[in-house]
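# Take a look and give me a structure for this.
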Amino acid sequence: MRPNPALLALVLVAGSVAAAQPASMPALKAAVKASTRSPANIARDRYRHPVETLSFFGVKPTDTVVEIWPSGGWYTEILGPYLAAHGTLYAAGPDDKGLAAVKGKQSASPAAYRSVRFATFPAGPGATAVPAGTADVVLTFRNVHNWRFGATDQTQTAFDQMFAMLKRGGTLGVVEHHLPEASGTIEEARSGYMKRSSVIAYATKAGFRLAGESPINANSRDTHDYPKGVWTLPPGFADGDHDQARYAAIGESDRMTLKFVKPK
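Sure thing, here's the model as predicted:
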């Protein structure tokens, strides 16, 4: 039997639409409600909006995803279960110490974290790096200031390596503490905040194109001018009991949510 051209065209269109679909909302919502998540982390959902954020970045349960510097694994607790059945999650940290929390979660809940692999980032010569051109999505949450603030500025190296690990057409999702452009005397990076223009400049130099941005994680109550930087706000409360009620009322920091694409 010869194929029906009209039917074949319909199948091809349906396939292209399916390929362009955003995150699977039922699967994502189920991952956010996973029993393996810690209560302390769940309490932060109202500030970090994981369903909306991961949907905006278009993370699908079949993707190969790299989470850069997962630290305590706040987002890993969601990404692990979300990608467990059909995807791959690379936890990429600076060293074994930086990945210890995620490795502990994987040991405690092997099924939820069975898709997790580990890599070094930034990766020097001989390190176990995320293979070039293999990732559908790279995610980094509140890390850019860390690359700027230290003995050496690793920011451009970080963006260059994230660009290299992505497939053509792949997405880089960045959530970072937002410092307004007219910030006066507030020092970028050392305050824990970064200017939008600075983040975009690093990404653009690496080869990325800004594809979108969202106010999902913005916080208009954040004045950005605290004695101990962004860490003064919850959950850190770096200034101890001093004015803690005021900082708690402000909530977590004002954050920019930027989506970049590696051009095809």
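# what element comes up after the helix or strand bottoming out on mean pLDDT in the chain heading to the C-terminus?
Taking mean pLDDT, DSSP states H and E as the measure, the chain has helix 5-19 as its least confident helix or strand, at a mean of 34. Downstream of helix 5-19, the first helix or strand assigned by DSSP states H and E is helix 25-32.
# Tell me which other helices or strands that next one touches.
Packed against helix 25-32 by the contact rule (3 or more C-beta pairs under 8 Å, 6 or more residues apart in numbering; DSSP states H and E) you find helix 50-57, helix 76-83. (Glycine included, C-beta is placed from N, CA and C.)
# so where is the protein shaky, pLDDT-wise?
Within the chain, the stretches with pLDDT under 70 are 1-22.
# could you pull out the helices for this protein?
Using DSSP state H, the helices of the chain run over 5-19, 25-32, 39-42, 45-48, 50-57, 76-83, 96-108, 144-148, 155-165, 196-206, 244-250.
# Please produce TSV containing these, extended by distance to Val261.
Shown next, in TSV, are the helices of the chain (distance: least, C-beta to C-beta, whole Å):
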stretch	distance to Val261
helix 5-19	15
helix 25-32	21
helix 39-42	29
helix 45-48	23
helix 50-57	11
helix 76-83	20
helix 96-108	27
helix 144-148	18
helix 155-165	11
helix 196-206	10
helix 244-250	33
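# Among those, which comes closest to Asp222?
For the helices of the chain, proximity to Asp222 was assessed by C-beta to C-beta; helix 244-250 is nearest, at 5.9 Å.
# show me the contacts for the closest residue to Tyr202 other than its chain neighbours.
What sits nearest to Tyr202 in space, not counting adjacent residues and going by C-beta to C-beta, 6 or more residues apart in numbering, is Phe159, at 4.7 Å. Phe159 sits next to Tyr202, Ala203, Lys205, Ala206, Phe208 when contact means C-beta atoms under 8 Å, 6 or more residues apart in numbering.
# Let's see that with 10 Å instead.
138, 140, 144, 147, 172, 174, 199, 201-208, 260 (C-beta atoms under 10 Å, 6 or more residues apart in numbering).
# one step back: most packed of the helices and strands packed on helix 25-32?
Looking across the helices and strands packed on helix 25-32 with neighbours counted as mean count of other C-beta atoms under 10 Å, the highest average goes to helix 76-83: a mean of 27.
# tell me the angle it makes with helix 96-108.
Using axes from the mean of the first three to the mean of the last three C-alpha atoms, to 10 degrees, the inter-axis angle of helix 76-83 relative to helix 96-108 is 50 degrees.
# Which elements pack onto helix 76-83?
Here helix 76-83 touches helix 25-32, helix 39-42, helix 50-57, strand 64-68, strand 88-93, helix 96-108, strand 116-120, going by 3 or more C-beta pairs under 10 Å, 6 or more residues apart in numbering; DSSP states H and E.
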